[in-house]
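**Q** sequence and predicted structure, then a few things I'm wondering about:
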Amino acid sequence: MPTPKQLEVLRFVAAYTDEHHYPPTVSEIAESLGVSRTAINDRIGFTIAKGYAGRKPGIARGIWVTDRGRDVIGSG
């Protein structure tokens, strides 16, 4: 299960992607949640390791929430 801070990132990425039809950048996530890009990268890394998110290396908008992550968001 993701931590509350990881869940916050997952919810933001999912909502942003649903609204804009493309994922946010790390900077957009950090700015919206009021934390550093380093903190966001750490949280994203942990959610990826747990299978809740994925990332395409080298692409600014390459973060997505997996089906498993969306299931957790729906139940959280």
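**A** In hand now; what should we look at?

**Q** going forward, measure contacts and count neighbours with C-alpha atoms only.
**A** Will do.

**Q** you'd agree Pro23 is up against Ala15?
**A** No. In this structure Pro23 lies outside contact range of Ala15 using CA atoms under 8 Å: 9.1 Å.

**Q** excluding chain neighbours, give the residue nearest to Pro2 in space.
**A** Excluding the flanking residues, the one nearest Pro2 by CA to CA, 6 or more residues apart in numbering is Thr47, at 6.8 Å.

**Q** give me the element the one you found is part of.
**A** Assigned by DSSP states H and E, Thr47 falls within helix 37-49.

**Q** quick one: mean pLDDT over that helix.
**A** Throughout helix 37-49, pLDDT has a mean value of 96.

**Q** just checking, what packs against it?
**A** helix 4-20, helix 26-33, strand 53-55 (3 or more CA pairs under 8 Å, 6 or more residues apart in numbering; DSSP states H and E).

**Q** nearest to Ile73, out of the ones you listed?
**A** Ile73 lies closest to helix 4-20 among those, at 6.4 Å (CA to CA).

**Q** orientation of the closest one relative to helix 37-49 in degrees?
**A** 90 degrees (axes from the mean of the first three to the mean of the last three CA atoms, to 10 degrees).

**Q** what does the helix or strand bottoming out on mean pLDDT in the chain contact?
**A** In the chain, no helix or strand scores lower on mean pLDDT, DSSP states H and E than helix 67-75, which sits at a mean of 90. For helix 67-75, the external contacting residues (CA atoms under 8 Å, 6 or more residues apart in numbering) are 1, 7, 10-11, 14, 51-53.
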